[in-house]
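Asks: give me the fold of what follows.
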Amino acid sequence: MKILTAMSGGVDSSVAAHLLKADGHELIGAMMRFFDAGDIAGNTYEAFQHSLEAVTGASAGQKLHVSGVAPRSCCTLSDAEDARAVANALDIPFYVFNFSENFAEAVMNKFVRAYLAGTTPNPCIDCNRFLKFEKFLHRATELDCDKIATGHYARISADANGRFLLRTGADTTKDQSYVLYAMTQAQLSRTIFPLGELKKEEAREIAQKMGFVNAQKRDSQDICFAPDGDYAGFIRQRTGATKKGRFIDRSGKILGEHKGIVHYTIGQRKGLGISAPEPLFVLAVNADDNTVTLGANEDLFTRKLTARDVNFIPFDRLDSPLRATAKIRYAHAPQPATIFQTAPDEIVCEFEQPQRAITPGQAVVFYDGDIVIGGATILG
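Replies: Predicted structure coming up:
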């Protein structure tokens, strides 16, 4: 097949490309650029543009419409150099695609709006949903490619009726199915995850054997557009100063002043600046009256959540309650639960045991063993 393979400059996408090439496929390697000039403080567009032209082999005057990013972020010049080096080693063409405008609206602006509304978003899910498996797939179609490939640790199979299924990666410590739950049948049908059956250590061993420059490269851990972890600072950069408000308890009693709701998320204890006889935790963030409710750790536990923007993978909707396991955040261990579809785009999930810090804006993802049933965005 002719495959457009995402190459971020990391070891995973590099090994994915190698495995596909070894299987005899025709490959086109491509890096997705997500930032434009000014999106990240301290960027120097022209300097990066000049350097990237040299890395990618662009001819004089050929604009790539990309920009530099903070040194600790992903998709840096160094990443582009690594991706290009691996593409050269594999003898495949390499391109840089500019998705900065799409990323700004579908991911960064949505991230800001969510925090200002008092919720805690997961931008990696939106990036996968709207960029990597939508815009990138569109670009593959324009290039007459049969499929796309990425370095995600997940698997795709089909059931007896030919419906595509998303499954967890064989390496449970690196499984990325949680951030892929929004994939559609059309996207699954045209996607390959070459690393789905591998462990991370095996991928590194392959990269080392191939002599790839990034064989021992450290994995990216932070949100790419806030690599220092200062989400509130990123939001201030794009919106201005955040408005101070009141800390209150569950009865409405004022406990003190907070520095802006974007600084807080459900379950948070550190950074509150409130003195109390017992530890206090964030129980709720209310954008309507600009308050943050604090309380005891035991007040964070609940058995039930409501979620919307539902995507199911093995079927289109639930006709009856479904027993499954569910995760309420990426690092959460799946917990037994029952799912009820209460509206065309809304579900209720009831856990067998109370779960701590169910957070609006995060995703709840449902599993049947290693099969991803689907997921939705938590309302509360």
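
Asks: mind jotting down where the strands sit in the stretch 1-150 of the chain?
Replies: For the stretch 1-150 of the chain, applying DSSP state E, counting those that start in this stretch gives strands covering 2-6, 26-33, 94-98, 147-149.

Asks: okay, the angle between the longest helix seen in the chain and strand 94-98?
Replies: Longest among the helix segments of the chain by residue count, using DSSP state H, is helix 77-90. Between the axis of helix 77-90 and that of strand 94-98 there is an angle of 140 degrees, by axes from the mean of the first three to the mean of the last three CA atoms, to 10 degrees.

Asks: in helix 77-90, what's buried?
Replies: Of the residues in helix 77-90, those buried by neighbour count under the rule 16 or more other CB atoms under 10 Å are 77, 79, 80, 81, 82, 83, 84, 85, 86, 87, 89, 90. Any C-beta I mention is one placed from the backbone N, CA and C, and that applies to glycine too.

Asks: once you drop chain neighbours, what's closest to the second one?
Replies: Which is residue 79. Beyond its immediate neighbours in the sequence, the residue positioned closest to residue 79 (CB to CB, 6 or more residues apart in numbering) is residue 9, lying 3.1 Å away.

Asks: phi, psi of the one you found?
Replies: Listed backbone geometry of residue 9 is phi 100, psi -10, with angles given as degrees, to the nearest 10.

Asks: now residue 335
Replies: In this entry, residue 335 is assigned phi and psi values of phi -120, psi 140 (degrees, to the nearest 10).

Asks: so what's it scoring on pLDDT?
Replies: With respect to pLDDT, residue 335 scores 98.

Asks: quick one: the helices in the stretch 151-300 of the chain?
Replies: Along the stretch 151-300 of the chain, the segments classed as helices by DSSP state H, counting those that start in this stretch run 185-189, 200-210, 231-239.

Asks: mean pLDDT lowest where, among these?
Replies: helix 231-239 (a mean of 89).

Asks: show me which positions of it end up buried.
Replies: 231, 232, 234, 235.

Asks: max pairwise distance over these: which two?
Replies: Comparing every pair within those by CB to CB identifies 232 and 234 as the most remote, at 7.3 Å.

Asks: what score does residue 69 have for pLDDT?
Replies: 34.

Asks: what's the neighbour count on residue 357?
Replies: Look at residue 357: counted by other CB atoms under 10 Å, it has 20 neighbours.

Asks: oh sorry, the question was meant for residue 287
Replies: The burial metric for residue 287, expressed as a neighbour count using other CB under 10 Å, is 14.

Asks: so what's it up against?
Replies: Taking CB atoms under 8 Å, 6 or more residues apart in numbering as the criterion, residue 287 is in contact with 116, 117, 118, 261.

Asks: quick check: the first one touching residue 262?
Replies: Yes. Taking CB atoms under 8 Å as the definition, residue 116 is a contact partner of residue 262 at 6.6 Å.

Asks: shared neighbours, the two?
Replies: Counting by CB under 8 Å, 6+ apart, the common neighbours of residue 116 and residue 262 are residue 235.

Asks: out of the two, name the residue with the larger neighbour count.
Replies: A direct count of neighbours by other CB under 10 Å for residue 116 and residue 262 places residue 262 higher, at 24 against 16.

Asks: if I look at that one, how far off is residue 35?
Replies: Spatial separation of residue 262 from residue 35 under the definition CB to CB, to the nearest Å is 21 Å.

Asks: tell me which residue lies nearest the centroid of this protein.
Replies: By CA atoms, centre = their mean, the mean C-alpha position of the chain lies nearest to residue 124, the distance being 1.4 Å.

Asks: ok, and the closest non-adjacent residue to that one?
Replies: The shortest distance from residue 124 to any residue that is not its chain neighbour, by CB to CB, 6+ apart, is 4.8 Å, and that residue is residue 179.

Asks: quick one: contacts for residue 78?
Replies: By CB under 8 Å, 6+ apart, the residues touching residue 78 are residue 9.

Asks: can you pick the most crowded of the contacts of residue 287?
Replies: Comparing these by number of neighbours (other CB under 10 Å), residue 261 comes first, having 24 neighbours.

Asks: isn't that one right up against residue 247?
Replies: No. With the criterion set as CB under 8 Å, residue 261 and residue 247 do not qualify as a contacting pair; they are 10.8 Å apart.

Asks: joint contacts of these two?
Replies: Here residue 261 and residue 247 share the contacting residues residue 292, scored by CB under 8 Å, 6+ apart.

Asks: tell me which residues form a beta bridge with residue 168?
Replies: With DSSP bridges applied, the residues forming beta bridges to residue 168 are residue 154.

Asks: repeat for residue 349
Replies: Under DSSP bridges, the beta-bridge partners of residue 349 are residue 305, residue 339.

Asks: now the helices for the stretch 1-150 of the chain?
Replies: Taking DSSP H, counting those that start in this stretch as the criterion, the stretch 1-150 of the chain carries its helices at 11-22, 45-56, 77-90, 100-103, 110-116, 123-127, 136-142.

Asks: closest one to residue 216 among the ones you listed?
Replies: Proximity of the helices of the stretch 1-150 of the chain to residue 216 was assessed by CB to CB; the nearest stretch is helix 11-22, lying at 7.8 Å.

Asks: residue 28: what's it in contact with?
Replies: 2, 3, 4, 5, 92, 93, 95, 143, 145.

Asks: need the contact list for the closest residue to the fifth one other than its chain neighbours.
Replies: Meaning residue 92. Distances taken as CB to CB, 6+ apart put residue 27 closest to residue 92, at 4.4 Å, once the chain neighbours are dropped. Contacts of residue 27 were listed using CB under 8 Å, 6+ apart, and they are 2, 3, 4, 5, 17, 20, 21, 90, 92.

Asks: ok, which pair from those residues is furthest apart?
Replies: Comparing every pair within the contacts of residue 27 by CB to CB identifies 2 and 90 as the most remote, at 14.8 Å.
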